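A.B. asks: give me coordinates for this.
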Amino acid sequence: YIIMAHGNLKLISARIDEETYNKISALAEKHYYWNKNHIIRKILLNVLNEYDEQQLFELIQRRPWG
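C.D. replies: Numbers count the residues shown, from 1 in each chain. I've put the predicted structure just below:
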């Protein structure tokens with residue numbers, strides 16, 4: 001289980017669709033103590049730590065394709 005300290009974070013750029021962005025923004029607005037970066041980081045951290053390689057493959061292959 002990987003836990004990243006704030007000093008070890010890497011800045012990346014990712015393109016996401018408008019619907020996904022709107023869902024993340026809505027969560028950030030509803031929970032003012034979370035920002036979009038925190039939400040994205042926690043989703044990725046939990047998915048990558050809880051799913052094995054086969055489950056990740058199936059998740060990535062799942063529709064809708066984007």
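A.B. asks: low-confidence stretches in the protein?
C.D. replies: Filtered on pLDDT under 70, the chain yields the residue ranges 1-6, 65-66.
A.B. asks: can you rerun that using 50?
C.D. replies: 1 (pLDDT under 50).
A.B. asks: in the chain, where's the longest helix?
C.D. replies: Using DSSP state H, we find that the single longest helix of the chain is helix 36-50.
A.B. asks: what angle separates the following helix or strand past it from helix 36-50?
C.D. replies: Toward the C-terminus, helix 36-50 is succeeded by helix 53-61 as the next helix or strand (DSSP states H and E). In terms of direction (axes from the mean of the first three to the mean of the last three Cα atoms, to 10 degrees), helix 53-61 departs from helix 36-50 by 130 degrees.
A.B. asks: could you say which helix or strand contains L27?
C.D. replies: helix 18-30.
A.B. asks: give me the angle between that helix and helix 36-50.
C.D. replies: 110 degrees.
A.B. asks: return the distance of helix 18-30 from the chain's centre.
C.D. replies: How far helix 18-30 lies from its chain's middle: 12 Å, per Cα atoms, centre = their mean, to the nearest Å.
A.B. asks: repeat for stretch 38-58
C.D. replies: 8 Å.
A.B. asks: again with stretch 25-37
C.D. replies: On Cα atoms, centre = their mean, the centre of stretch 25-37 falls 13 Å from that of its chain.
A.B. asks: and if you look at stretch 9-23?
C.D. replies: 8 Å.
A.B. asks: start to end distance for it?
C.D. replies: Start-to-end span of stretch 9-23 (Cα to Cα, to the nearest Å) is 23 Å.
A.B. asks: how about stretch 13-24?
C.D. replies: End to end - Cα to Cα - stretch 13-24 spans 16 Å.
A.B. asks: got it, and stretch 27-46?
C.D. replies: The first residue of stretch 27-46 is 17 Å away from its last residue (Cα to Cα).
A.B. asks: list the buried residues of it.
C.D. replies: A28, I39 (16 or more other Cβ atoms under 10 Å). The way it works is simple: take the backbone N, C-alpha and C, and place the C-beta from them, glycine included.
A.B. asks: same check on stretch 17-30?
C.D. replies: Applying 16+ other Cβ under 10 Å to stretch 17-30 flags I24, A28 as buried.
A.B. asks: okay then, goodbye and thanks.
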